[in-house]
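**Student:** 3D model of this:
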Amino acid sequence: MSKTRLAVTCRSMRREDLPEVLVIESLSFAEPWTEEMFLQEFTSEGIAEPLVARVDEGSGERIVGFLCAWIVSGELHINNIGVHPSYRRRGVATQLLEEMLGRALAKSVTVGYLEVRASNEAAAALYTYYGFQPIGRRRNYYDHPQEDAIVMRKAPL
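**Tutor:** Below you'll find the model as predicted:
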């Protein structure tokens, strides 16, 4: 598969998307979110903003990535983002992040936060490109393997 930019359609996540999202989650993280954790996103109306990125390469649409975020008190909190391994480095995470930033701006959000594994240089580079800057470190935030999180902030959004 070529690594050219993939045009995706981003939309709000639906319950029926969960089987595909859970596959991506399990392929992406040593400690994946559970189905119950994703279901909690649907019960947090007015706060949670889960998105999926879909593509149709001729054999029907499939979900290739997702982003879960909360918008609370004028702040954006990016909680989880994953891209199917076969579609990484093709702009999927970029398009999800752009969609979420646009939605947040439409709601007059002024600042954004996220945590990223200290070793995840690709994700940190993406966030830095979009104006997120490191502001702190959470020691031993992640397990399997145990690792620090870098807290990043973007202001103004």
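**Student:** CA atoms for contacts and neighbours, from now on please.
**Tutor:** OK.
**Student:** So the residue lying closest to Leu67 once chain neighbours are set aside versus Ser12, what's the distance?
**Tutor:** Closest residue to Leu67 apart from its sequence neighbours, by CA to CA, 6 or more residues apart in numbering: Ile81 at 4.2 Å. Distance of Ile81 to Ser12, given as CA to CA, to the nearest Å: 14 Å.
**Student:** the more surrounded of the two?
**Tutor:** Ile81 (20 against 13; other CA atoms under 10 Å).
**Student:** I'd say that one and Ala53 touch.
**Tutor:** No. In this structure, Ile81 is not within contact of Ala53 by CA atoms under 8 Å, at 10.8 Å.
**Student:** what residues are shared contacts of the two?
**Tutor:** When CA atoms under 8 Å, 6 or more residues apart in numbering defines a contact, the residues bordering Ile81 and Ala53 alike are 65-66.
**Student:** So Val55 lies in a helix, does it not?
**Tutor:** No. Val55 is assigned strand when assessed by DSSP: H, G, I helix; E, B strand; the rest coil, not a helix.
**Student:** Quick check: neighbours shared by Ile81 and Ser12?
**Tutor:** With CA under 8 Å, 6+ apart, Ile81 and Ser12 have no common neighbours.
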